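> Give me the fold of what follows.
(2 chains)
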Amino acid sequence: MSASTRTPDAEGASEALDRVVLRYLAKRGYKSAAGVLRAEAGLAQTVSEDDYKTGMSLASAMGADAALSDHLLWRSEQESDPRFAIAAYAKLRDWAHGSLEKYKGELCRILFPAFAHVLIDLVKRGFGEEAREFYVEHHADHMRLYGEDLAALSALSEPEHIESDPIARKFLENKASVRMTSYSFDLLVKFLHANDLMAVLAVLNAHLCVDVVKGDPSPFEDDADGAVVITGRTPEAQRKFNSVKGRWGLVESCLEIERIRQHKKDTKEREKERAAKAREEAKKSKKKKKKNDGGAEEANEAEVDEDGEGEGDDEEMPDVPEKKEAEYPVAMLENPPNTIRSKVPLPQLDYDAYEEAVEDLRWRVKLTKDTLPTVCFFTFTHAHGLLTCSDATADVKHVAGGFTDSVVRVWHLEEEDEDYKKYKKEKGPIDRDAKVARSIPMTEFVGHSAPVHQVAFSPCGKFLLSASRDCHVRVWSMELKICLCAYEGHLHPIWDVQWSPFGYYFATACHDRVARVYAMDAPFPRRMFVGHLSNVDCIAWHPNVNYVATGSADRTLRLWEMSDGECVRVFAGHAAGVRSIAFSPDGRTIASGADDGRVYLWDLARATCVASLKGHVGPVYSMDFAGGGGLVVSGGADDTVRVWDASTPETNEDDATNAPPPLSAVAKRLPLKTFPTKNTPVFKVKFSRRNLCLAMGARRSKTESS
Amino acid sequence: MGQHSKKFPRTPHSATRVMAPASTYAPASVVAVADTIGAPRPSDEAAKALASDVEYRLRTIIQDAIKIMRHCKRETLRAEDVNAALKLRNCEPLYGFGTGTSSVQYKRTKEDPEVFYLDEREIDVRELITKRLPRPPVDVNLVPHWLAVEGVQPMIPENPMPLAPEPKPLQPPLGSKRPRARAEGGGDPDAGGLQPVVSHVLTKELQYYFDKVTALVRGAGRAEASDRDVDLLARALRSLGEDVGLHNLMPYFTQFITEETTASLRDLPRLRVLIQMIRALISNPDINVELYLHQLMPSVVTCVVAKRLCQNLDEDHWSLRDDAANTVAFVCAKFGAAYPSIQPRITRTLLRALLDTKPLTTHYGAVRGLQALGPKVVRETIMPNLRAYMTNTLEPALEAPKPLDDSELKNASEEDRNIAVAKAKLAVLRHTDAQRVMGALQEAVGACLRDEIGDAENAAREKRLADQLMRWHRIDGAGRFEKDETATGKDAPAKKTPVSPNSPSRQGRGATAKGAKSAVVPKAAPLVRGRRTRGTTPDDDIGDAAAAHAPNVAVAETHV
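You can find the predicted model right below:
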């Protein structure tokens, strides 16, 4: 309608106006009208596209009503009185808070970027006092969601600080992306126009990417789900590379696949044997024609045994003692994922470790919503304030702890200490229930010169990695009990280190905002993943070793391709720094836990959040998926181990094209079960290869807890 | 080391409060520091610039310290974190603030309260050397235990107590205890005790309403209640009986009623109000009373059969019993269908009260209660036991008490005389009680018999009779006992209450509250006379009907 009325006018107007109208039409989807106009005005298609790329970055970045950006272009940023900006912000704030409930959540979301930029702008222009007053007056609104940023912003007082302060730079150099429904956006623009709030408009123009989506705002907005996160990329760009097709399958040589293959082979063999036996029996019965009750009984037993396999075969079990299957349901990946060819050369596990691992998987308990895991808790006594991290081997033979006194201590659960050996020699082995003090033998690994922030056992259990604040990663041999190598390359504290699922490679998360990947054979990094806007706090490997996920204090979760070092996914939405990451064993889902206790499950293929797990009330220090998937376990500072349902809704490949739903629309889940510990924060949770859940932590001393 | 003094303009420790919004490091502090280290005094401009920069540096360092604290998985900031943050920025750490010296004390100077200094003790080296060395810290150890076995947390000392402390329920302001919220407290013990406890939340309005109503019930239940109170109470009762949305208050009302009943068992007016309140609540169609019946019924039954319900023995507790009995019947009628067990249970209770050796007041209540439950119940319960009851219990009590023998008393001492007088009074009282019970029995049996005859004519008459009965019942609790009082009234010590012969029967109503002893007995005579003179009024029918259909009673009467 509007297009038809405007088209004749446009003929006589200037080229600039034509462009404006064209963009408007394009945005509104009036393609034919735009085509007509273009033809009539004699503008080449390329002109309008150039327009997008060059001076009008805002228009494309905002992906919004072009009329706004054009309007803004008419006005240059006013050099104005600081009070004007303050008043403008106050006005905007009052309006946003007074708006209809339905749109309030969305409108309030832009307040923090506006606040931050007004503040930075004031400081930059030398109005330190005014900036402080402004901060005092308005900071309370944002305290809950942006406490960390506020703390940094509150410190700014001199224009020179802006130049060097990382948070200020983050705000100035990146655009915050805000998601809004079109109606709310219209409301906002109209309000800003009507009240002539040029100062705020200028700020929003320069530093905000409004991602306008269709539809109504979701009625049950949880504002923690809508925190504005600066990812350093425009929503368009983010969407673009979040839509990059990943190879999320598992590699052929992966243990899980091997397990499935073996299972198939076993069942086939068994069937063959069964068939053979049946034939024999048929012969016998022909000869004897006697009772076959015994046979029926056996068949029944077999049925019970086979229940967990989900195969539904009702034939009897063969008597092959060395290949005996577990009597309980065994965990396996339910729908075997597609396999991919690894772009990264993969090491081979050595024969013994491999055999052991496969045997363990054969005995792995199946865990579901109804059969919750057994949790073994390792309490580090007299260690609160000393212990910073811990890990256990997959076969639960060793438990390691990293301490602030720079020592890594490893407890050997299967060895017997000297006292006990003597005791045993004299009095024989003690009863399991006997109350005889039995300390676990322990080895101290001394080598670091600063607190150790992470320890990790290699998948084969022969090596131990430790990352320390002294900027070194050390690898220790569990057989020789010495340090084999210290890896250089960091200049800042290392917060996290993790082995790849096949060993050999490991990745580090560093305070300098870079994640690095090392191979064991060289002391320098093989890959560096640069892009986070704050220090990288945690790191995890995709089960196929081709991807590394990092979580950062900038509240984003990023996924990096190992082969070329590119970032392939950015997940934003957490309202606090990401503290722990875990991949599901089928490689399709990733879980991230944050400092505020929220855990999100993200679908990798669709690049969307699929579930929000609510329950923790403090930082989530560690998470792990159960072998075979289905459950995720998390442990945190609130002294609890929580078990969650990790099933993801069925995904349609076609869905990938649709816009992802906003975080607030994501299904919320409560923990299936919560296991409180006795005054012990949970530093690490991990499933052993047989699906025993291990949890570790240092008990608080009484003075600390009070 | 020289004394390191600092000047903090507002709070001494605000530097550690990261979120402190306003500028905390004032230019004056810069000047103070410059003075202490012997640097030339900076100009105001320079001090200001330095102060704001120092504050910025401090804040960034503290932020880094917090980051390091988080990575050490702790929740309290320590001096070592600050030192680590300083090291991170290639600054010299602050020595002497290790882990062990957590309690650093700053003191104010006497001259300027805003200047602080570190209070350091002087240490004698010799003492330090001769002191015994401290014990080494306990070694770190690893202790495994089962936190959960197949999803269930075992109850072992290593695990925390399974039940989370139940949040304290809110106390209603007027001191009455709240019942525990009906939602399950504590949650599933298997859930590890951290299941949120659903608490019963009342809106402000409801709380206010509750307070007002309970205050009114307390206030109007007093003898000296003003007319306004009575009026308000009537309104409140109407509101209780009709208003919607009171269901949330039910547990509180129930609790209130139960406690009030037990607390004021001798407070007749209050009990009366409470019974009215129960009636109102039960008749409210929007309240699910069923859930609370088991708590309410004891109170009502108490008001029926309690041994004593008044302060003075001569108060008219009879009408309260009647009211309560009717309430019981009402409940049985209303909820009998939904809870078939309720009527048998009440019947059993009442029958036991009647047949046990209980005071006559209790017997009276039991009879009234059974009667209110209907003629069928009477037939089932009272009739089989009637003769035994009459001969064993009631008849001895019905014998006229002996008048005081003055001659005997003359010889007796003062004390004995008092005792004798009291005994005589008690005997009279017992006698009147017995008469009451007799009357109640007659009525109950009469109703039962009428029901049995049950022809149409009788039914119609009966209806009339019942109406009449009810009217009298309402008019005067004493009016129903003319039968036996005609026989016994003359024997009663007439001197006690000089009632004028022509005083209308209605007067009795006012008198009942004052004293049953004075009101009941002497009033009977004029009443009877009045009715007799009226000739063929339904009164006669009552008597006739009772006489005709209750041979047992007639026998008893003649016997008396």
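
> Give me the pLDDT value at the spatially most central residue of chain A.
A centroid search over chain A (CA atoms, centre = their mean) returns A:Ser592, at 3.3 Å, as the residue closest to the centre. The predicted structure scores A:Ser592 at 94 on the pLDDT scale.

> Quick one: low-confidence residue ranges for the chain.
If you meant another chain, say so; for now it's chain A. Counting by pLDDT under 70, chain A has low-confidence residues at A:1-22, A:24-81, A:216-227, A:289-327, A:335-337, A:417, A:420, A:427-438, A:650-665, A:703-706.

> Let me rephrase: I mean chain B.
When the per-residue scores of chain B are filtered using pLDDT under 70, the ranges that remain are B:1-23, B:98-104, B:114, B:162-201, B:220-225, B:313-314, B:401-412, B:454-459, B:472-560.

> contacting residues around stretch A:528-538?
A:166, A:170, A:174, A:230-232, A:492, A:495-496, A:509-517, A:548, A:550-554, A:556, A:558, A:560, A:565, A:567, A:577-581, B:67, B:71 (CB atoms under 8 Å, 6 or more residues apart in numbering or on different chains). Where you see a C-beta, it was placed from the backbone N, CA and C, and this is true even at glycine.

> Among those residues, name the ones in strands.
In this view, those that belong to strands under DSSP state E are A:495-496, A:509-510, A:514-517, A:548, A:550-552, A:556, A:558, A:560, A:567, A:578-581.

> Which residue would be the closest one in the stretch 101-250 of chain B to chain A?
For the stretch 101-250 of chain B and chain A, the shortest gap (CB to the nearest CB) falls at B:Gly151, measuring 2.6 Å.

> picking that back up, ok, and which of the ones in strands among the contacts of stretch A:528-538 reach chain B?
The subset of the ones in strands among the contacts of stretch A:528-538 within reach of chain B, by CB under 8 Å from any CB of the partner chain, is A:Trp495.

> to the chain's geometric centre, what's the distance from stretch A:607-614?
Using CA atoms, centre = their mean, to the nearest Å, the mean C-alpha position of stretch A:607-614 is found 10 Å from that of the whole chain.

> burial measure for the residue in the stretch 151-300 of chain A that chain B sits nearest to, as a count.
Evaluated by CB to the nearest CB, the stretch 151-300 of chain A has A:Ala155 as its residue closest to chain B, separated by 3.5 Å. Counted with other CB atoms under 10 Å in any protein chain shown, the burial measure for A:Ala155 works out to 23 neighbours.

> what's the nearest residue to it if we skip its chain neighbours?
Among residues not flanking A:Ala155 along the chain, B:Arg59 sits closest, at 3.5 Å (CB to CB, 6 or more residues apart in numbering or on different chains).

> Surely that neighbour and A:Leu150 touch.
No - distance between B:Arg59 and A:Leu150: 11.1 Å, which falls outside the contact criterion (CB atoms under 8 Å).

> Nearest residue to A:Leu559 in space, please, no chain neighbours.
Counting by CB to CB, 6+ apart, A:Arg569 is the residue found nearest to A:Leu559 once chain neighbours are left out, at 3.7 Å.

> So the one you found lies in a strand, does it not?
Yes - assignment of A:Arg569 by DSSP: H, G, I helix; E, B strand; the rest coil places it within a strand.

> Sweet, I'm off.
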